[in-house]
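In: Sequence plus predicted model, see below.
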Protein chains: 2
Amino acid sequence: MDVLRLDLTNLSILREPAPPQWASWGGRGLIGRVLSEETPATCDALGRANKLVFAPGLLSGRGVSAGDRLSIGAKSPLTGTIKESNTGGNPGGSLACLGLKALIVEGRAPSGGKYILHLEKDRAELLPGDEYWGRPIFEACSVLRQRFGKNSSVLCIGPTGERQSLNSIIAATDPDGYPSRSASRGGLGAVMGAKGLKAIVIQDPDSRRSAPVADPAGFRRSLKAYHQALNDEYFTSKIFPEFGTAFVMDNVNHHGAFPCRNYTCGTISHLDKISGKALRELILQRGGEGRTTHVCMSGCTIRSSNVVPDASGKRLTSTLQYEAMGEFGANLGIDDLDAIARLNEMCNDIGLDVIETGATLGVGIEAGLLEYGDAEGAIRLLGEVRTGTVLGRLLASGTASFGRVMGVRRLPVVKGQAIAAYDPRAYKGLAVTYATSPQGADHTAGYPLYSTLDPHQPEGQVALSREVQVLRAANDTLGLCSFVLAVTGPQPELVNNMLEAAHGPGVCLSFPEALGQEVLRTELAFNRAAGFTPAHDRLPDFFRSEKLPPFDLVFDVPQEEMERMHEFE
Amino acid sequence: MDVLRLDLTNLSILREPAPPQWASWGGRGLIGRVLSEETPATCDALGRANKLVFAPGLLSGRGVSAGDRLSIGAKSPLTGTIKESNTGGNPGGSLACLGLKALIVEGRAPSGGKYILHLEKDRAELLPGDEYWGRPIFEACSVLRQRFGKNSSVLCIGPTGERQSLNSIIAATDPDGYPSRSASRGGLGAVMGAKGLKAIVIQDPDSRRSAPVADPAGFRRSLKAYHQALNDEYFTSKIFPEFGTAFVMDNVNHHGAFPCRNYTCGTISHLDKISGKALRELILQRGGEGRTTHVCMSGCTIRSSNVVPDASGKRLTSTLQYEAMGEFGANLGIDDLDAIARLNEMCNDIGLDVIETGATLGVGIEAGLLEYGDAEGAIRLLGEVRTGTVLGRLLASGTASFGRVMGVRRLPVVKGQAIAAYDPRAYKGLAVTYATSPQGADHTAGYPLYSTLDPHQPEGQVALSREVQVLRAANDTLGLCSFVLAVTGPQPELVNNMLEAAHGPGVCLSFPEALGQEVLRTELAFNRAAGFTPAHDRLPDFFRSEKLPPFDLVFDVPQEEMERMHEFE
């Protein structure tokens, strides 16, 4: 497969065969390789030397259910670490089907130049982007798809990314053509904006399974086994399709792990109004364009996405996931699903990460900018971001910067990045991931979703986090959605058989251990060169000193044990 | 001598003899000891675990000319490193004369408590500070000296420190009772504000030479030799008294080292309007309360300070130094000495570091907030800081935070702290100090003022910076003003004789090498434990890539050579 290099400094495009040492890599793993080999770890993340890498997974573009996630990565301007954030939607599969192992965006457009990149089967062209610059994401994508056709997938930044705000996403269009998915974490939208690139439009392939396969018959067999397993499993065939990620809410409340009012209480009394069940009922009752189950990328059989309609049945947002419930519903105390959906959609449109935004607004409650439960206040503040006022810019610069400027001490961040909507004191394995992941406080880098370990007990959490960090690092290299881990975790041969059939025997490292460890090793080495040490692998002090009601929990996993986390190195 | 511990968490005061291992330490060196022994390097700088240490120098309180500078230190909220910033004024000598080796402020006042500390010869009391909270520095100090008497010295924070803004100073009163001096760098005012302490009022001693001396006769002899040397030397007897630090301006312009318009040009065309000579003439011409020479602390024979009068002869500001000229005059392009003096006084009153503020406003020019030469714009923006608007808080949060939020890439900072008003490309030895000092980009940590090495050439600058970093680290431990290095640098025995007579033979390490190296070793170890590595010892990339007019200079000291800086460790 090929690598396409777009250099904004001299406005050049080069397509060439991928170097042989990248043959066994894709997705997150390939991003680690590219950045380690080509980007100085100490560079300014928003400067010319950083590279923005779009890498489909090792299994993408081959008709693998939930297998077309696109990894996007760079040195993060938010954390200063290496960062990979992967997104659903159709661009990942489309890139793979164009025969691209990676699209590497380099340099920085001279004197404020604004561009878009258009990719077709046999052509790549850099076009003036001035007419799209300044437009919010939904409008920009709509205009781009009018121009380039409905059979196009789009990756696009919002006004936040253009302004190089540190909490900026890169949005991706779903099969309906809506930019409802995104690579949200770590401020990758700011990297794209700094380079002067507003959007990438990719012509969709005729067949979404046209990426090369070494052994077609073997691949068909292994693919069938994998799909069968997805259909047989309870989570992937029942829970996710019916409730999406909001199904976790009962459990989160049961464990007292909600991040209420900037992490001061772990439970909410209005769960029944915003639970997964309440959301499902609202969607069913309103009908119209609403969907309780919906695909985020073509060919996915899990269908964990949804479309939330407004009272008239018109699409209000898609997809409404747990993180929006946790951040807007619990952290901000908003008990109105319409308001939560509206905030979710505003984030998607302006280009803000829901998690970082919710955490920032939670800190904003402490700073006196809004009240707990104040949906209109939250909507008004996101309006400031849209307009780009000083307050808006500050809100869009991430929880750590916002809190430092506003003089708030209780900041739920690690390495400059907000933790997700699970309190570390109640979910201790996840907390270890927040503290130690080379990706910063990103729950997707090691969320022990399927573990039976009591999340309140400190013992065993480091080992658990290590196990799931390895598993996720491996999985994010494949292009597979993390939800498939319900089947591929217990049956790794489902993955290894597909890898061998797709790439040939002995090409890829074994899933998950060998593969995941190598990914982490590469990332940790990059971070060390960027100046990170075990001193940075810590949670904010208040999680160790303040008791979390109602269970009076503190975070009590020993720091020394966490610092031995990456002993496999 | 004793140590006084004020613990704000439980509102307790404890006076006890200093531990024996601190006998050979004072000032900056003692701060390194205290923080290393008592503060976790990874703590939140604005949290309960950080300690704010006030330490007179080893020679303070003993009638040594220019020898009563007070070192103030903590883990810096701005840089995350260890930080010492020393101030003139009378509090240092007064503390030493109270028999205090250090005042250590610990903990954090419960539930927003606001306090002041009052120190007398035999008494220390913590008093309610609510009535002073919210007042700017000059007003607060005036009210405090009305209450506690004219024979009081005051250390005080402004609204910035109260708000825990990262660019917050701790001001100190001069012999006239004006809070015109400050420990400016590294945000120490925010540490004091976070603890809930507005001010420290210290009863001045009857004799300002009452700190203990081991060998009085020997001390008198060595003191006489030192004072004689100061009187004989050209810089300390002529240049500093006549022009203050503004004398460097001709040289700075000659070398093209001014920081014009956020470090885009090294010379200014309006030098004649704001030079040291112009300032001197303005003061002489206006008369009134104006003074071309003035003491910043009682007993100083160098008298490098000044008082700038307004057109009616009334005190406008004191002291107006090179950094204000460089930042407001060159960086912001303001050619009006009255406006520069007014901005200087606003910083002193609100509680902002002039260097960090000037650098922030220079970045503000790039962000479109003001024009080059726009004095009214600068005054208006400092007004926002005074009021505490969101923009004001952002401006007061330091150049790095401001630039990140506003999306400006060319940020003249190292380790989160603004460099001083000397361009690194033109003053390469100083630039090495910016990059490598354990104190962050603080020019006072290693300014090669008296070197004859061509500052444009890269060769030899690492060795030069190392030499002056050692010298400054040693000097800052003594309580001596750096201006005396013109005599004590070439004649270290002047210092060593005083140290031996004051503290006894063999108690103190030898000035400067052994003493300075040990200070740096301690600080570097703290920083390593806090998570700093050689990857942080770098200048922003643009100094290496953008040529500085008019001499087309880039910073070209090899990074590898800088990273071997601290080989004496």
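Out: Structure's in. What do you need? A quick note: this is a predicted structure, and the numbers were derived from the prediction, not measured.

In: how about the residues of chain A near chain B?
Out: Applying CB under 8 Å from any CB of the partner chain, we find that chain A lies next to chain B at A:41-44, A:46-47, A:49, A:163-166, A:194, A:390-391, A:393-394, A:397, A:401, A:404-407, A:409, A:528-533, A:535-536, A:538, A:540-541. Where C-beta positions appear, they are placed from N, C-alpha and C, glycine not excepted.

In: Now tell me what touches stretch A:372-390 from outside.
Out: A:136, A:159-160, A:163, A:165, A:260-261, A:328, A:332-336, A:339-340, A:342-343, A:346-347, A:350, A:352, A:357, A:361, A:364-365, A:369-371, A:391-393, A:395-396, B:390-391, B:394 (CB atoms under 8 Å, 6 or more residues apart in numbering or on different chains).

In: Now do the buried residues in that stretch.
Out: By 16 or more other CB atoms under 10 Å in any protein chain shown, the buried positions in stretch A:372-390 come out as A:G373, A:D374, A:A375, A:G377, A:A378, A:L381, A:L382, A:E384, A:V385, A:R386, A:G388, A:V390.

In: ok, back up a step: mind checking which of the residues of chain A next to chain B are buried?
Out: Buried residues within the residues of chain A next to chain B, counting neighbours by 16+ other CB under 10 Å: A:41-44, A:46-47, A:49, A:163-166, A:194, A:390-391, A:393-394, A:397, A:401, A:404-407, A:409, A:530-533, A:535-536, A:538, A:540-541.

In: end to end, how far does stretch A:146-160 reach?
Out: Counting by CA to CA, to the nearest Å, you get 23 Å between the two ends of stretch A:146-160.

In: Now do that stretch, average pLDDT.
Out: For stretch A:146-160, the mean pLDDT works out to 98.

In: host element of the residue in chain A sticking out farthest from the centre?
Out: For chain A, the residue at maximal distance from the C-alpha centroid (CA atoms, centre = their mean) is A:A217, at 33.3 Å. Secondary structure assignment for A:A217, by DSSP states H and E: helix A:216-232.

In: my read: A:Y115 touches A:K198, true?
Out: Yes - counting by CB atoms under 8 Å, A:Y115 does reach A:K198; the two are 6.9 Å apart.

In: So those two - more neighbours on which side?
Out: More crowded of A:Y115 and A:K198, by other CB atoms under 10 Å in any protein chain shown: A:K198, with 26 against 21.

In: Tell me the buried residues in the helix or strand A:K277 falls within?
Out: If you go by DSSP H and E, A:K277 is part of helix A:276-286. Neighbour counts over helix A:276-286 (16+ other CB under 10 Å) mark A:G276, A:K277, A:A278, A:L279, A:R280, A:L282, A:I283, A:R286 as buried.

In: Looking at those, which one is closest to B:T292?
Out: Of all the buried residues of helix A:276-286, A:L279 has the smallest distance to B:T292: 74.5 Å, by CB to CB.

In: got the contact list for the closest one?
Out: A:F243, A:G244, A:A246, A:N306, A:V308, A:L320, A:M325, A:L337.

In: Could you dump those into JSON lines and include pLDDT and distance to B:W25?
Out: Shown next, in JSON lines, are the contacts of A:L279 (pLDDT from 0 to 100; distance: CB to CB, whole Å):
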{"residue": "A:F243", "pLDDT": "86", "distance to B:W25": "63"}
{"residue": "A:G244", "pLDDT": "86", "distance to B:W25": "62"}
{"residue": "A:A246", "pLDDT": "85", "distance to B:W25": "59"}
{"residue": "A:N306", "pLDDT": "95", "distance to B:W25": "65"}
{"residue": "A:V308", "pLDDT": "97", "distance to B:W25": "65"}
{"residue": "A:L320", "pLDDT": "96", "distance to B:W25": "60"}
{"residue": "A:M325", "pLDDT": "96", "distance to B:W25": "55"}
{"residue": "A:L337", "pLDDT": "97", "distance to B:W25": "62"}
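
In: Just among the residues you listed, which is most surrounded?
Out: Of the contacts of A:L279, with other CB under 10 Å as the count, A:M325 tops at 32 neighbours.

In: show me what contacts whatever residue of the stretch 101-250 of chain A ends up closest to chain B?
Out: Closest contact between the stretch 101-250 of chain A and chain B, by CB to the nearest CB, is at A:Q164 (4.1 Å). Residues near A:Q164 by CB under 8 Å, 6+ apart: A:L46, A:P77, A:A190, A:G193, A:A194, B:G407, B:R409.

In: before we move on, what about A:E323?
Out: A:T245, A:V354, A:I355, A:G358, A:A420, A:A421.

In: Nearest residue to the last one in space, ignoring adjacent ones along the chain?
Out: If I follow you right, that is A:A421. Nearest residue to A:A421, sequence neighbours excluded (CB to CB, 6 or more residues apart in numbering or on different chains): A:G326, at 2.6 Å.

In: Look up how far A:S451 lies from that neighbour.
Out: Distance of A:G326 to A:S451, given as CB to CB, to the nearest Å: 19 Å.

In: The two: who's more crowded?
Out: Neighbour count, other CB under 10 Å: between A:G326 and A:S451, A:G326 has more, with 29 against 16.

In: In three-state terms, label the more buried one for me.
Out: With DSSP: H, G, I helix; E, B strand; the rest coil as the basis, A:G326 sits in helix.

In: what do you get for A:I334?
Out: A:I334 ends up coil, using three-state DSSP.

In: For it, which non-adjacent residue is closest in space?
Out: A:A375 is the one closest to A:I334 (CB to CB, 6+ apart), at 4.7 Å.

In: quick one on the thing from earlier: who's in contact with the helix holding A:A217?
Out: For helix A:216-232, contacts defined as CB under 8 Å, 6+ apart pick out A:62-66, A:213, A:236-237, A:301-302, A:484, A:487-488, A:491, A:494-495, A:497-498, A:500-502.

In: so how far is that helix from its chain's centroid?
Out: Centroid separation between helix A:216-232 and its chain, computed with CA atoms, centre = their mean, to the nearest Å, is 26 Å.

In: The nearest residue to A:E327 once chain neighbours are set aside is in what secondary structure piece?
Out: Setting aside the residues directly before and after it, A:E327 is nearest to A:G358 in space (CB to CB, 6+ apart), at 2.2 Å. Taking DSSP H and E as the definition, A:G358 sits inside helix A:354-366.
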